[in-house]
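S.K.: no sequence on this one, just coordinates:
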Ligand code: B1M
């Protein structure tokens with residue numbers, strides 16, 4: 001197979017052998033970010049489709065995720081970094097009940113490489129843990145990620161809880177993850193989160209430009 005197809009295949013098949021070598025070869029032809037966005041994420045998309053249609057079982061999805069994570073870790077030192085610094089602090093979490101963290105961790109990398117200080121508190125985080133971290137680190141914003149449909153409900157509950165506790169105006173909130181839609185966030189959630197600011201980011205780059213806007 002040609003290199004690019006082979007790399008996507010490695011994600012789909014959960015095949016780590018020779019992964020680093022292939023990534024190093026790809027790095028001679030394109031940027032680390034382009035490898036992630038244009039090749040590896042395509043592989044993950046196929047995994048999602050195969051799993052969703054019952055053609056792939058969960059343990060294999062997990063293997064694919066492991067290879068994806070290894071690939072991102074290998075590419076991270078090659079990612080472009082800006083000299084900007086001290087643009088602000090953001091707490092990032094995957095919401096309660098959700099273990100998906102590849103997207104959140106990409107957001108972490110992109111923001112960290114572009115001048116933000118990121119406090120990434122991990123997966124399955126209840127609102128209390130998110131708010132505690134934001135207070136402790138004197139954060140400027142909160143980011144919540146979640147890929148399950150039920151996570152969109154958790155996000156809504158979290159915002160309602162922030163409203164009820166008078167915390168809505170304290171931190172702008174950025175939401176992302178495959179089950180969300182822009183309309184849900186910008187229409188439904190914005191309407192209920194009237195004391196605060198809530199934004200949708202479709203990917204890590206939109207997350208960065210959004211943070212740049214929110215912070216100015
Ligand atoms: Co899961 N899973 N999974 N899974 N999994 C999905 C999400 C699913 C759509 C697959 C499918 O059915 N086709 C489906 C959800 C269906 C639904 O809710 N309607 C699903 C399911 C059902 C499940 C389980 C329930 C399966 C089971 O146990 N029976 C289970 C859930 C466990 C739980 O959370 N409690 C489960 C488990 C897993 C694994 C552990 C095996 C593994 C995750 C490993 C890990 O993350 N460490 C996994 C994977 C890998 C997937 C798919 C295949 C790929 C997800 C991924 O990493 N994509 C996924 C299919 C899909 O998404 N279509 C699927 C790549 C990643 C870069 O994309 O996270 O969307 P994403 O991030 C994007 C943007 O969304 C955005 O930026 C990124 C790109 O730049 N973004 C943000 C994300 N977060 C952001 C935050 C921001 C801003 C932007 O600001 C804060």
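M.R.: Great, that's in hand. If you're wondering where the values come from, they're calculated on a predicted model, not measured in any experiment. Numbering: from 1, shown residues only.
S.K.: Tell me where the chain has strands.
M.R.: 88-94, 116-120, 141-145, 173-176, 198-200 (DSSP state E).
S.K.: Up against the ligand, what does the protein have?
M.R.: 41, 44, 47-48, 51-52, 58, 61-62, 65, 92, 97-104, 106-107, 143-145, 147-149, 174, 176-179, 201, 203-204, 207 (CB under 6 Å from any ligand atom). Glycine gets a C-beta too; all of them are placed from N, C-alpha and C.
S.K.: returning to that earlier point: deepest-packed of the strands of the chain, please.
M.R.: Of the strands of the chain, the one with the most neighbours on average (mean count of other CB atoms under 10 Å) is strand 141-145, at a mean of 27.
S.K.: Kindly reformat the strands of the chain as a markdown table containing mean pLDDT.
M.R.: Output for those, formatted as a markdown table (pLDDT from 0 to 100):
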| stretch | mean pLDDT |
| --- | --- |
| strand 88-94 | 98 |
| strand 116-120 | 98 |
| strand 141-145 | 98 |
| strand 173-176 | 98 |
| strand 198-200 | 98 |
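S.K.: low pLDDT regions in the protein?
M.R.: Nowhere does the chain drop to pLDDT under 70.
S.K.: Can you tell me, leaving aside adjacent residues, what's nearest to the residue most central in space within the chain?
M.R.: Centroid-nearest residue in the chain: residue 104, 2.3 Å away (criterion: CA atoms, centre = their mean). Once flanking residues are discounted, residue 104 sits nearest to residue 145: 3.9 Å by CB to CB, 6 or more residues apart in numbering.
S.K.: For the one you found, which residues count as its bridge partners?
M.R.: Assessed by DSSP bridges, residue 145 has beta-bridge partners residue 94, residue 176.
S.K.: what sits against it?
M.R.: By CB atoms under 8 Å, 6 or more residues apart in numbering, residue 145 lies in contact with 92-95, 98, 100-101, 103-104, 107, 175-177.
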